[in-house]
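Colleague: Fold the stuff below for me.
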Amino acid sequence: MPKNVLIGRSTKELEEWAISQGEPAFRGRQLHHWLYTKGAENLEAITVLPKAWRKSLLEDGYQVGRLKEIKRLVSLDSTIKLLLETNDGLNIESVGIPTDHRLTVCVSSQVGCPMACSFCATGKEGLLRSLDAYEIVSQVISIREVMGRRPSNVVFMGMGEPLLNMEQVLIAIRSINRDLGIGQRRITISTVGVSNTLPTLAEQAISILGRAQFTLAVSLHAPNQELREKIIPTARSYTFNSLLEDCKHYFSITGRRVSFEYILLGELNDQPEHANELAQVLKGSQSHVNLIPYNPIADGQFRRPSFNRVADFRRILERNGIVSSIRSSRGLDKNAACGQLRRDHSQMLTQPDVTYEDLTIG
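Modeller: Residues are numbered from 1 along each chain as shown. Take a look at the predicted model:
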């Protein structure tokens, strides 16, 4: 994490930093309150600090570390998607998904993604860079402010592959947990699977967080190796069986059950035979499968499965003793698929004739 950024630092770290600046320790506690509770966007806003010190910090290049909001889309179901700009001018997406009893924040871990999953808008753009921990924490704060309520859950299901940015993701989780007060059990890391990373994730989580209490969600999207390769190109170098073995290894280290995600692509992987095969593969693992009906993207090659097909798929799993749920689609009227807002924004900058129905934040 950059030395000149304040978000991502704990109370103790801010106290020690304040002392190193020649200020009393309580200044660090004040900073912590303004960064994480009041959501200060810049140093000038932290009026509780001495004016001379604020001026000195600005001259030395220190910054809060908040990302700039570029666009905001509000769906009919109140889901909000933000396009945020990093300090180096790159764009990422964050989503706030509200219900009556919870607010889930979907955060990005990278700018773009190198995994090139065939159904994903983000994967079509490639990877520019990984995010620093403060850029991840800032997303949660931004959604909290826009929606005017405290987030209850955080999911790493936005842009990027979290396990290719493992250390910064875990540092961000530590801050989200300790500084923003969101319990680890309400945080989920979603991965499509990267060879030789799950045991490392377990060990680093224990090292950085003290214990691995977050949920690990592994995206299978197919019941066998052949079909998985068609959907996820990187599966060619990380076989289906190896991934499942690594999931067992992760459980042996952390004691935390792995959840599985399965995106249902109309007529490709949503047939009864696929459900039966998946059930046999996972039988006896006490696994939970989260079924995700596909959200169509522009120029995408797949289509959304019918409601009956999704329901039948789940019934087959349940009949075979596999606990499952269907993720309700949110924001379908406002480019719900991950990466679409960033992609469309880029097209607007190069194609002035593209129209866009949104709420622009000036």
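Colleague: can you pull out the helices in the stretch 51-200 of the chain?
Modeller: 51-59, 133-147, 166-178, 198-209 (DSSP state H, counting those that start in this stretch).
Colleague: for the stretch 251-362 of the chain, same thing?
Modeller: All helices of the stretch 251-362 of the chain, identified by DSSP H, counting those that start in this stretch, fall at 272-282, 307-319, 340-350.
Colleague: my guess is residue 138 meets residue 66, correct?
Modeller: Yes. Judged on CB atoms under 8 Å, residue 138 makes contact with residue 66 at a distance of 5.2 Å. To be clear about C-beta, it is placed using only N, CA and C from the backbone, and glycine gets the same treatment.
Colleague: can I see the domain layout of this structure?
Modeller: 11-59, 68-360 (automatic domain parsing).
Colleague: Show me the strands in the stretch 51-200 of the chain, by range?
Modeller: Assigned by DSSP state E, counting those that start in this stretch, the strands in the stretch 51-200 of the chain fall at 68-74, 80-85, 91-98, 103-106, 110-112, 127-130, 153-156, 187-191.
Colleague: hey, what's in contact with both of residue 138 and residue 66?
Modeller: Residues touching both residue 138 and residue 66 (CB atoms under 8 Å, 6 or more residues apart in numbering): residue 7.
Colleague: And the two? Which one has more around it.
Modeller: The neighbour count for residue 138 versus residue 66, taken as other CB atoms under 10 Å, is higher for residue 138 (28 against 25).
Colleague: low-scoring stretches of the chain, by residue?
Modeller: Residue ranges of the chain with pLDDT under 70: 298-300, 331-362.
Colleague: Just list the residues touching the spatially most central residue of it, thanks.
Modeller: Nearest to the mean C-alpha position of the chain, by CA atoms, centre = their mean, lies residue 156 at 2.2 Å. For residue 156, the contact set (CB under 8 Å, 6+ apart) comprises 107, 109, 162, 169, 187-190.
Colleague: Turn those into JSON lines, including neighbour count.
Modeller: Formatted as JSON lines, these follow (neighbours: other CB atoms under 10 Å):
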{"residue": "107", "neighbour count": "29"}
{"residue": "109", "neighbour count": "29"}
{"residue": "162", "neighbour count": "29"}
{"residue": "169", "neighbour count": "28"}
{"residue": "187", "neighbour count": "21"}
{"residue": "188", "neighbour count": "20"}
{"residue": "189", "neighbour count": "23"}
{"residue": "190", "neighbour count": "21"}
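Colleague: Distance to residue 275 added to the residues you listed, as CSV?
Modeller: Output for the contacts of residue 156, formatted as CSV (distance: CB to CB, whole Å):
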residue, distance to residue 275
107, 31
109, 30
162, 27
169, 32
187, 29
188, 23
189, 26
190, 21
